[in-house]
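> here is a sequence with its predicted model. Questions after.
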Amino acid sequence: MEKDLTEQKRIIINAFVNSGINITPQSLKSILDLKNPQKDLSNLIKELSFIPNFNSHLTKSILKKISNEELQKALKRTIEKSRDLQTEDDITLKKPRSSNLEIKTQELKVQMEEISTELPTKLEDIKVNSTENFITKERLKIQQFGSTKSNIKVSPIAKDYEFDYAILKDPTGKLYTNGEYSDFYQLTLDKFKKLHTLMRKRPEVLSAVSIKNILRLSRDVEISTIGLVKNIRQTKNGNYFLELEDLTGWINVLVRKDSEDQESIKTIKKIVFDQMLYVKGMYNSGEKFKNGIIFADYISRIDIPTDYQPNKSTFPISLALISDTHIGSKEFEEPLFKRFLNFLNGKVGNKKLREIAGRIKYIIINGDLVDGIGVYPNQQNDLIISDIYQQFKKASELLAEIPDYIKIFYISGNHEPVRNALPRPAVPKKYCGALIDLNVTCLGNPSLLKTHNVNTLTYHGESIHDMNLLIHDLDINKPIDAMKEFLICRHLAPIFGEKTQIAPAEKDFLVIDKIPDIFHTGHIHINGSGKYNNVTLINSGCFQAQTDFMKSFGIDPTPGIVPIIELDTLKAFELDLKTNN
């Protein structure tokens with residue numbers, strides 16, 4: 001019997017695939033429950049071709065639209081075994097059936113509303129700057145899509161798909177250290193080895209030799225090497241002098257300001273301590289082989305390939321990215337956050353926007369869910385909830401309103417009750433037990449997630465401040481530029497010993513050894529989006545208005561803007577939850 005069922009599944013799936021149709025597991029089960037599924041198969045595929053706007057993804061919602069009465073009657077019995085198609089409005093409102101006149105009036109209102117408020121909802125409708133590869137700041141505004149009083153009902157397509165995710169990297173439970181010198185050495189050693197391995201993958205570095213072997217040379221010769229930047233400064237003549245070190249020793253390097261390779265000059269202006277570099281040039285052994293120096297004519301960093309091809313999902317589902325809600329703060333924008341919850345529940349906007357909401361299968365909260373206690377001077381003056389447990393209680397009450405077909409991941413930030421040094425473990429269960437009861441997955445910072453084949457690197461973003469301070473071209477209001485530097489360095493906190501605290505551990509969890517498809521940060525409360533070598537870059541902004549502490553850093557936050565990414569296309573747009581009222 002089981003063998004016959006497997007063969008039936010194979011025949012049905014092949015028939016749909018050959019017709020160019022993807023089918024969800026729930027839809028397949030409904031079809032298999034028919035009395036004679038193979039007999040009805042050709043009629044079913046034929047009927048699908050008559051459904052308007054059918055996008056080749058067969059869900060239970062689509063099955064309900066089939067016009068063949070006999071087939072629909074048979075399908076209805078199988079579909080009604082599950083309550084998956086029941087919408088939020090069906091469950092909570094339970095209003096008496098309207099008269100035909102009322103129904104026609106409502107349909108006309110909906111049509112008029114959609115005609116008058118139609119706006120682009122996908123990236124192909126939004127212009128992209130092809131030079132900078134940045135998504136323009138054209139946003140979809142909630143108020144432009146109608147009100148919450150609308151009677152539009154859209155069954156969420158994400159409900160038809162099972163969760164498919166994996167935690168590829170999470171430092172929680174792996175951060176053992178005694179704080180001794182040997183721990184710091186082991187961390188640096190692991191960092192060097194991982195970055196060295198990544199650099200070796202570049203085709204031009206195959207001839208690179210160790211610094212020790214270079215220092216043995218007794219004559220001038222063209223060489224190349226790989227090492228970490230030990231020191232860097234600009235000379236009074238405007239040239240760049242740096243010290244490079246590897247596991248065998250260190251060597252001086254000079255890059256002339258009038259170098260023929262001006263790309264190297266642009267690169268060296270963005271170099272910071274502890275980055276890995278590839279250097280090629282003429283080695284001068286100096287007197288008695290003690291003062292050797294490389295006159296570099298080419299330098300480069302690890303970077304990621306320009307032809308990187310990101311992974312995509314085979315299903316039409318989406319990922320929403322948020323961070324820095326700061327629940328417990330007086331400046332927490334609760335009305336905006338509740339509008340976001342209404343959006344997720346399909347209670348905001350016209351049919352098109354509600355369909356976008358219905359695609360969301362995953363949400364990543366990238367740190368600072370709560371405001372915490374004693375995080376910065378005089379914080380108590382900014383709190384409306386001054387107890388950490390009550391802050392988490394409030395957070396769990398809000399997140400409980402998110403539909404249960406949406407999976408939530410929660411990464412720890414610098415306001416959470418965990419250690420401040422990176423990498424940071426997940427928030428302990430004693431604080432967030434109520435979130436875990438909601439099936440929220442709590443993770444450390446940074447973490448790498450795989451959701452329906454798409455890899456998202458999630459890092460709260462503490463070291464963005466260091467990068468902005470040390471690289472003069474960077475701007476705190478443009479987080480994407482700093483995020484690009486992390487990818488080029490292949491490290492989330494390349495500078496050791498600055499404001500970003502880095503704890504010693506056996507492994508360096510901050511190395512970007514696997515190229516992500518999506519790179520997500522938060523922390524600075526400034527929304528940003530863009531692309532770099534086909535990697536989607538997102539800083540998800542915040543849900544907190546400006547505090548005096550932010551003002552002291554010159555941060556003008558952008559609350560209530562939620563980036564949403566389609567996992568099947570990796571197209572992204574920003575949902576603006578603010579109104580002008």
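Received, thanks.
> for the residue lying closest to residue 511 once chain neighbours are set aside, helix, strand, or coil?
Spatially, and ignoring its direct neighbours in sequence, residue 511 is nearest to residue 194 (4.5 Å; Cβ to Cβ, 6 or more residues apart in numbering). To be clear about C-beta, it is placed using only N, CA and C from the backbone, and glycine gets the same treatment. Under DSSP: H, G, I helix; E, B strand; the rest coil, residue 194 falls in the helix class.
> which residues touch residue 194?
Counting by Cβ atoms under 8 Å, 6 or more residues apart in numbering, residue 194 makes contact with 508, 511, 513.
> what's the answer for residue 528, then?
Listed by Cβ under 8 Å, 6+ apart, the contact set of residue 528 reads 478, 479, 480, 483, 537, 538, 539, 541.
> the residue nearest to residue 511 and residue 280, how far apart?
Applying Cβ to Cβ, to the nearest Å, one obtains 22 Å for the distance of residue 194 from residue 280.
> what of residue 457?
Counting by Cβ to Cβ, the gap from residue 457 to residue 280 is 30 Å.
> residue 557: neighbouring residues, count only.
21 (other Cβ atoms under 10 Å).
> let me fix that: residue 203
Using other Cβ under 10 Å, residue 203 is surrounded by 5 other residues.
> next: residue 553.
Residue 553: 10 surrounding residues under other Cβ under 10 Å.
> so who does it touch?
residue 476.
> and for residue 362?
Residue 362 neighbours (Cβ under 8 Å, 6+ apart): 165, 317, 318, 319, 320, 406, 407, 408, 409, 451.
> show the contacting residues for residue 298.
Remark: with contacts taken as Cβ under 8 Å, 6+ apart, residue 298 is in contact with 261, 264, 279, 280, 281.
> which strand or helix spans residue 476?
Taking DSSP states H and E as the definition, one finds residue 476 inside no helix or strand.
> is it true that it touches residue 468?
Yes - applying Cβ atoms under 8 Å as the test, residue 476 and residue 468 come out as touching, 5.2 Å apart.
> give me the beta-bridge partners of the residue most central in space within the chain?
By Cα atoms, centre = their mean, the mean C-alpha position of the chain lies nearest to residue 520, the distance being 3.5 Å. Partner residues in beta bridges with residue 520: residue 458, residue 538, with DSSP bridges as the criterion.
> surely it touches residue 366?
Yes - under the contact definition of Cβ under 8 Å, residue 520 touches residue 366, with a separation of 5.7 Å.
> shared neighbours of these two, which are they?
With Cβ under 8 Å, 6+ apart as the test, residue 520 and residue 366 both reach 321, 323, 458, 459, 540.
> per-domain residue ranges of the protein.
2-85, 203-300, 307-576 (automatic domain parsing).
> most packed of those?
Mean neighbour count, computed with mean count of other Cβ atoms under 10 Å, is highest for domain 307-576 among these, reaching a mean of 21.
> quick one: mean pLDDT over it.
Mean pLDDT, computed over domain 307-576, is 95.
> residue 176 - how many residues pack around it?
The criterion is other Cβ under 10 Å. On that basis, residue 176 has 9 neighbouring residues.
> looks like it contacts residue 506 (just checking).
Yes - the pair residue 176 and residue 506 qualifies as a contact (Cβ under 8 Å) at a distance of 7.0 Å.
> show me what contacts the residue nearest to residue 215 when sequence neighbours are not counted?
Nearest in space to residue 215, with sequence neighbours left out and distances taken as Cβ to Cβ, 6+ apart, is residue 292 at 5.7 Å. Shown in contact with residue 292 (Cβ under 8 Å, 6+ apart): 214, 215, 217, 251, 252, 283, 284, 285, 286.
> same thing with residue 385?
Per Cβ under 8 Å, 6+ apart, neighbours of residue 385: 327, 328, 371, 391, 394.
> ok but it is inside a helix, no?
No - when classified by three-state DSSP, residue 385 is found to be coil rather than part of a helix.
> and for residue 179, the neighbour number?
9.
> one step back: tabulate the domains of the chain (CSV), appending distance to residue 170.
Converted to CSV, the domains of the chain look like this (distance: least, Cβ to Cβ, whole Å):
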stretch, distance to residue 170
domain 2-85, 28
domain 203-300, 24
domain 307-576, 5
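> so, low pLDDT: which residues of the stretch 51-200 of the chain?
By pLDDT under 70, the low-scoring segments of the stretch 51-200 of the chain are 51-56, 67, 76-151.
> let's see that with 50 instead.
Residue ranges of the stretch 51-200 of the chain with pLDDT under 50: 82-138, 144-147.
> ok, back up a step: which of the contacts of residue 528 sits closest to residue 226?
Out of the contacts of residue 528, the one with the shortest distance to residue 226 is residue 483. That distance is 24.3 Å, counting by Cβ to Cβ.
> run through who's touching the helix or strand hosting the closest one.
Residue 483 is part of helix 479-489, with elements assigned from DSSP H and E. For helix 479-489, contacts defined as Cβ under 8 Å, 6+ apart pick out 134, 270, 275-276, 301-304, 459, 461, 463-464, 467-468, 471, 473-475, 492, 494, 512, 519, 521, 524, 526, 528-530, 532-533, 535, 537, 539.
> lovely, talk soon.
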